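J.: Give the three-dimensional model of this entry:
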Amino acid sequence: MEKVAYGQHLAKALHVGEAQTLVTRPLLQRSEIAVTEVRRDVPENDYTSAVPQENAFLVTLNMRDWPKRVLWIDGKPVEAVPLQAGSSNIFDLRRRYIGYGVSSFHMMSFYLPRGVLRTIAELDEVHDIDEFAHDPRGGIDDPVIRDLGGALYPAFRRPDEANMLFVDHITTAVAAHVLHAYSSRADRPSATAVELASWQEARVKDVISAHLDGNVTVARLAQECGMRLSAFAGAFTKSVGMPPHKWLLERRLEQAMAMMRQTKMPIGQIATQCGFAGERHLVRVFSRAVGDSPQAWRRVQLS
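T.: Have a look, this model is predicted:
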């Protein structure tokens with residue numbers, strides 16, 4: 001099964017039709033993470049199809065209460081408890097899950113192939129895992145997954161404009177978090193925030209500036225610094241004062257401003273050359289940051 005399409009296969013199995021999926025770039029060219037918004041607003045008194053089986057995990061974040069759950073695991077009925085909005089679950093997709101649609105639901109699902117988790121384990125110099133210490137019959141109150149998912153949720157409203165370095169940061173952070181928090185082994189790295197050395201900060205900024213289209217991963221940036229993946233984003237934020245995706249957005253705006261001052265190139269063409277999805281995307285980001293439209297700002301600069 002294509003990993004890119006996993007979210008659509010999941011939506012079909014749960015009888016929700018089409019679903020919006022964001023897919024990150026391969027983590028160091030080994031595998032991909034997909035995050036899908038899955039929503040059904042009306043109950044359906046019928047069995048779902050079996051959730052597609054894969055050598056992967058599915059981490060779900062419930063966006064609203066799920067008052068009644070009926071679940072079969074590997075062909076056997078199990079007692080599944082109601083879930084509150086903000087709770088999470090971890091499903092081992094080697095097992096077979098079937099539900100009964102007695103409640104509406106709304107969730108985000110993070111598709112984490114084992115290859116991704118293996119790579120993160122290698123980068124963080126911790127043991128690889130084969131299963132997580134979690135029973136999917138009940139939910140878990142995990143503020144990290146809740147906050148990361150909540151930060152990503154607005155990207156589903158305008159997926160074409162999603163900052164892919166930001167999407168990669170969130171999805172990779174979810175994968176790293178569950179690897180460290182729910183592993184049965186006690187070899188988690190220290191969460192103490194450190195700062196980047198001057199050469200590390202300069203190197204990361206050079207790499208990001210060379211990829212204004214966002215075609216770079218957090219794993220690549222951490223590797224450039226020789227750092228553990230789980231420590232990099234916090235170190236960058238502590239050193240620079242903002243996370244990598246926001247620094248990227250500022251560089252895009254800076255380049256767009258320079259091109260508007262120095263060339264007669266149309267705004268739409270400037271937008272695409274600076275890594276924006278198009279003119280409307282640039283106008284929205286520019287107006288929010290500067291307080292004026294690119295066209296009006298340009299007229300003032302050239303007057």
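J.: Run a quick neighbour tally on residue 137.
T.: For residue 137, the count of nearby residues is 13 (other Cβ atoms under 10 Å). In short, each C-beta sits where N, CA and C put it, glycine included.
J.: residues contacting it?
T.: Contact analysis of residue 137 by Cβ atoms under 8 Å, 6 or more residues apart in numbering lists 71, 73, 78, 79, 80, 81.
J.: do that again at 7 Å, thanks
T.: Each residue near residue 137 by Cβ atoms under 7 Å, 6 or more residues apart in numbering is listed here: 71, 78, 79, 80, 81.
J.: Output the contacting helices and strands for the helix or strand containing residue 37.
T.: Using DSSP states H and E, residue 37 sits within strand 34-40. With contacts taken as 3 or more Cβ pairs under 7 Å, 6 or more residues apart in numbering; DSSP states H and E, strand 34-40 sits against helix 6-13, strand 20-23, strand 105-113.
J.: so which of those comes closest to residue 252?
T.: If you check each of these against residue 252 by Cβ to Cβ, strand 20-23 wins as the nearest, at 19.1 Å.
J.: can you pull the buried residues of that closest one?
T.: Judged by neighbour count (16 or more other Cβ atoms under 10 Å), strand 20-23 contains these buried residues: 20, 21, 22, 23.
J.: my guess is residue 111 meets residue 38, correct?
T.: No: checked against Cβ atoms under 7 Å, the pair residue 111 and residue 38 is beyond contact range at 11.1 Å.
J.: circling back to that earlier point, list the strands paired with the next helix-or-strand element following the strand holding residue 37, with their directions.
T.: Counting by DSSP H and E, the next helix or strand C-terminal to strand 34-40 is strand 56-62. When pairing is defined by DSSP bridges, strand 56-62 lines up against strand 88-92 (antiparallel), strand 105-113 (antiparallel).
J.: Contacts made by the first one with the rest, please.
T.: Surrounding strand 88-92, the residues in contact under the criterion Cβ under 7 Å, 6+ apart are 57-61, 97, 131-132, 134, 136, 139-140, 142, 145, 178, 182.
J.: repeat that with 6 Å
T.: Contacts to strand 88-92, defined as Cβ atoms under 6 Å, 6 or more residues apart in numbering, come from residues 57, 58, 59, 60, 61, 132, 134, 136, 139, 140, 142, 145.
J.: so for it, what's the average pLDDT?
T.: The average pLDDT for strand 88-92 rounds to 95.
J.: and what of stretch 107-121?
T.: 89.
J.: Using CSV, write out the CA atom coordinates for it.
T.: Below are the C-alpha coordinates for stretch 107-121, written out as CSV (Å, rounded to 0.1, in the frame of the first residue of the first chain):
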residue,chain,number,x,y,z
MET,A,107,-9.6,13.1,15.0
MET,A,108,-6.2,13.7,13.6
SER,A,109,-4.2,10.6,12.9
PHE,A,110,-0.4,10.5,12.6
TYR,A,111,0.8,7.6,10.5
LEU,A,112,4.3,6.6,11.8
PRO,A,113,6.0,3.8,9.9
ARG,A,114,8.5,1.7,11.9
GLY,A,115,11.2,2.9,9.6
VAL,A,116,10.7,6.5,10.8
LEU,A,117,10.9,5.4,14.4
ARG,A,118,14.0,3.3,13.7
THR,A,119,15.7,6.4,12.1
ILE,A,120,14.8,8.6,15.0
ALA,A,121,16.1,6.0,17.4
